Each structure stands twice: as C-alpha cells, then as structure tokens.
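Novice: take a look and give me a structure for this.
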Amino acid sequence: MMQRTRRSFLGVIATFTCTNRLSSASPLGLAPGLQLWSVREQLKQDFSGTLRKVHSIGYREVELFELPASPRDFRKQVEDTGLTCVGGHFELMDFRNPAVIAAAQELGLRYMILVFPELTAWKGQNVDANFRQFVPRYEHISLADYQWNADQLNKCGATLKQHGIKAGFHNHAIDLKDLGNGQRGLDYLIQHTNSDLVCFEMDCGHVIHAGYDPIAYLNRYPTRIELLHLKDLARGYQISASLDTEERDRNSEIGAGAIDWKKLFQAASHAGHVKHYFVEHEGKMDHPPLEALRNS
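Specialist: I've put the predicted structure just below:
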C-alpha cells in the first residue's frame, strides 16, 4: 500500500474543499466569473499574483474592462493562471476598428460588450479619455440616441459575427430611466436589435439602483440576456437612474445585500440562456477587494 504523506493528504482535502466551494458557487452550472475592474488597483501592483489569488478563490473566467497593451502577453498570463478571458467592455468606436477587433480575437474573446451607448452628439469621441465631459451629456441621453445605438449595434454585430465575436450591451442605471411614455433605453435596445447579432449583459446592481427588478427582466426577455453582472447593493440604498449611482450608495457582497439571489438564479436557470456571469464590485465595500470577492 502506498503511504500518503501529510502534505499529500492535505492536498486532497484542499482539492475536495475547493471542489465543494466551486459547486456551491456555481448555481447555474457555469464557471464563476469576475469582472477585473473589481481588482484593478491590485492588478497594477502585482498582475500575476493578483490573478493567482483570483483563481485560488475559485473564479475561473474573467472579463476585461480595458484593452491591454499586449493582447498576446495578457492572454498568456491569464491562461497560465488557469483563467479564461471570455469578453471585455468596449466603446462603439471600437466595434468599428479592425485593429481592436483583431486584438479581441488575439485575446480569444467571445464577446465585445458596449459599456456606454454612443451619444449622437459625441460620435467618434473617446469616452474614457473625456469621461468628465461625457457624464453630464449622458444624463440627458434621449430616445433618439438609443435608436441610433440599436441601428449601430445591429450593423456592428453583423461585422463582429464574421470574426467569431458576439456584440453585447451592458446597462447602467441610467439606461432604465423613463424617456417618456414609459419607454426605457434598455428595453428599446432589446426590442430593436437582432437576437442573432446582439446579446445583453444585465448588471443586476444597476437594475435595482434604478428601481427595477432584474428577475422581472430575466422573465420578460428570457432569450436576450446572455451574460450577468452579479452586483448587489447594501439595503437602504437610494433609488436613482443617474450615472453616478455607484458613488452614492454602498456595494454589497453577494448574499449580503438587497437582491434575492436564489430567486434570481432560479429565473436565470428557467430561462436557460445565460452563458456567463461575472461578479463585479464597483463602489465602496465593507471589506478589502480580495476578501470581499472571496465572500461573494
């Protein structure tokens, strides 16, 4: 009989524990994902070390918040850690840029997600580089802007599909504000984009911040929501459909906030079209980032 050393025995226990934790953390039967914005400061200090910690917690997929300087090196470092980069957040101008599309392919991305609608008065301008000027304009976004974005998403989605990438849209709370006659930008985009070309990444935290129910959205659009941002708010938050909501209220770790995640996961399972989810901690938290992500 082979003798088992204490170290090997502890290794078996650790593997068993990790497996149990992963199964309990995968209510949809999907690999746990993380939006890397949650650890952006830690990545600046120790990129590889932070990725290893993310993996050790139990996350297996990641989502980009910006395009890395070297897509090839970035992908290698991510995959060497045992993680897979599934998608990333982009601007609409990126969807039209062959160099960005090529970089997304080199990264192995399956999704390019539009993080902010393009304002018709802001065409061709870089949002990240001019964010302070963009915010007050975005507060006055109109139905005409969403009509423009629906058309552009359909066109860009057709182009991206030829490159093996799916276009998507990520909502903020402001995308659920009343534009008149009960119309909301998110609903307009869902209703006026081609399901074969465009999918949606519902940010659950932003939905409740605007005063709406993410479970109702899953039930209303069961085939259109393909990705989820698992984000929660501490109870007692103020309902607001402004862009700066994340600065006003406190984020909560998953399971400790306002959202009934058990019911939400049941709704997502019933719909059966959610393919990936990403935990995202965006605002102030009760614990340091990696501890909070472990708790979530």
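Novice: does His276 touch Thr84 like I think?
Specialist: No - His276 lies out of contact with Thr84 (CB atoms under 8 Å); the separation is 9.9 Å. Any C-beta I mention is one placed from the backbone N, CA and C, and that applies to glycine too.
Novice: which of those two has more residues huddled nearby?
Specialist: His276 (20 against 16; other CB atoms under 10 Å).
Novice: can you list phi and psi of that one for me?
Specialist: The phi/psi pair for His276 (degrees, to the nearest 10) reads phi -150, psi 150.
Novice: could you list every helix and strand in contact with the helix or strand hosting Ile113?
Specialist: With elements taken from DSSP states H and E, the one containing Ile113 is strand 111-114. Helices and strands touching strand 111-114, by 3 or more CB pairs under 8 Å, 6 or more residues apart in numbering; DSSP states H and E, are strand 84-90, helix 92-95, helix 143-162, strand 166-170, strand 198-203.
Novice: how about it: buried residues?
Specialist: For strand 111-114, a neighbour-count test (16 or more other CB atoms under 10 Å) marks 111-114 as buried.
Novice: what pairs with Met202 across the strands?
Specialist: Leu228 (DSSP bridges).
Novice: what about it, how many neighbours?
Specialist: Residues lying near Met202 (other CB under 10 Å) number 27.
Novice: contact partners for it?
Specialist: Met202 sits next to 171, 214, 217-218, 225, 227-229 when contact means CB atoms under 8 Å, 6 or more residues apart in numbering.
Novice: with Leu119 instead?
Specialist: 134, 137-138, 141, 145.
Novice: now, which of these lie within helices?
Specialist: Counted as lying in helices by DSSP state H, out of the contacts of Leu119, are 134, 137-138, 145.
Novice: distance of the most centrally placed residue in the chain relative to Phe90?
Specialist: Among the residues of the chain, the one closest to the centroid is His229, at 4.4 Å (CA atoms, centre = their mean). Per CB to CB, to the nearest Å, His229 is found 15 Å from Phe90.
Novice: okay then, goodbye and thanks.
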